[in-house]
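Student: sharing a sequence plus its predicted fold:
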Amino acid sequence: MPFVTVARVEEVPPGTVAHVRAGEEEIAVANVENEFYATQGHCLHLQGPLGEGELDGTFLRCPWHGWTYDVRTGLNDFDHAIELRTYEVRVEDGKIQVSV
């Protein structure tokens, strides 16, 4: 799968999450202690914008109703049968790239 540049490293500081686009895909990119992770951009509950959520360690909380997911795996914190799509991420020349 090709990698697409979605942001620059300085645009997603440690402990934050950003809403980005990779082609037609809406993606949430999280920076956990300078390690980047990417998940689908909308919560599985009612499609809340995960890129506007809060990051607590590796857990991303949806801003609408508080559903929480581990950005490393996509697993819902409450019910592991619920899982976000995740994407491979790499950083090259200060650019965050996601495989879509």
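Tutor: Good, I have the coordinates.
Student: please state the offset of stretch 81-99 from the chain centre?
Tutor: Centroid separation for stretch 81-99 versus its chain: 7 Å, with C-alpha atoms, centre = their mean, to the nearest Å.
Student: show me which positions of it end up buried.
Tutor: 83-84, 86-87, 89, 96-98 (16 or more other C-beta atoms under 10 Å). (Each C-beta comes from the backbone N, C-alpha and C, glycine too.)
Student: excluding its backbone neighbours, what's nearest residue 54?
Tutor: Nearest non-adjacent residue to residue 54, counting by C-beta to C-beta, 6 or more residues apart in numbering: residue 61, 4.8 Å away.
Student: how about residue 10, phi and psi?
Tutor: Main-chain dihedrals, residue 10, degrees, to the nearest 10: phi -70, psi -10.
Student: circling back: from the buried residues of stretch 81-99, which land in helices?
Tutor: Among those, none falls in helices (DSSP state H).
Student: how far away is the residue nearest to residue 54 from residue 77?
Tutor: Taken as C-beta to C-beta, to the nearest Å, the spacing of residue 61 relative to residue 77 amounts to 9 Å.
Student: name the residues contacting each of the two.
Tutor: residue 68 (C-beta atoms under 8 Å, 6 or more residues apart in numbering).
Student: when those two are compared, which one has more neighbours?
Tutor: Neighbour count, other C-beta atoms under 10 Å: between residue 61 and residue 77, residue 61 has more, with 19 against 14.
Student: just list the residues touching the more buried one, thanks.
Tutor: 53-55, 67-68.
Student: among those residues, who's most crowded?
Tutor: residue 53 leads the contacts of residue 61 on contacts (other C-beta under 10 Å) with 24 neighbours.
Student: give me the pLDDT for that one.
Tutor: On pLDDT, residue 53 comes in at 97.
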